[in-house]
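Engineer: need coordinates for the below:
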Amino acid sequence: MLVYVLASDTTVKISRETLSHLERLRGEMKARSIDETVMALIKSHRRKILAGVFGADKGRVRPFAHDDRGEDR
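Structural biologist: A predicted model of the protein is given here:
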């Protein structure tokens, strides 16, 4: 089954200073557009959040032991 999604453009109002920062980032990231730059920033932010969540118990969790079995309680 093929699904076609038609993208629609949306205008977002930002300051000239923000646009300048985005243009600079676009060049540093070698992105083709401001949209690609913003999507890369969003993905990076999500990765940081997930990395923090998945490492939350690192160093505090001990390995499973035979005594941890439920039927032995």
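Engineer: rest of the way, CA atoms for contacts and neighbours
Structural biologist: Fine.
Engineer: need the longest helix for this protein.
Structural biologist: If you go by DSSP state H, the chain has its longest helix at helix 34-54.
Engineer: what packs against that one?
Structural biologist: Identification of packing neighbours for helix 34-54 by 3 or more Cα pairs under 8 Å, 6 or more residues apart in numbering; DSSP states H and E yields helix 16-29.
Engineer: related to what we said a few turns ago, and the longest helix of the chain, what's buried?
Structural biologist: Residues of helix 34-54 classed as buried by neighbour count (16 or more other Cα atoms under 10 Å): 34, 37.
Engineer: so where's this structure shaky on pLDDT?
Structural biologist: 1-6, 55-58, 71-73 (pLDDT under 70).
Engineer: with His21 as the reference, measure out to the residue nearest the centre of it.
Structural biologist: By Cα atoms, centre = their mean, the chain has its centre lying nearest to Arg46, at 2.1 Å. Distance of Arg46 to His21, given as Cα to Cα, to the nearest Å: 21 Å.
Engineer: burial count for Ala65?
Structural biologist: Look at Ala65: counted by other Cα atoms under 10 Å, it has 7 neighbours.
Engineer: how about it, phi and psi?
Structural biologist: phi -120, psi 160 (degrees, to the nearest 10).
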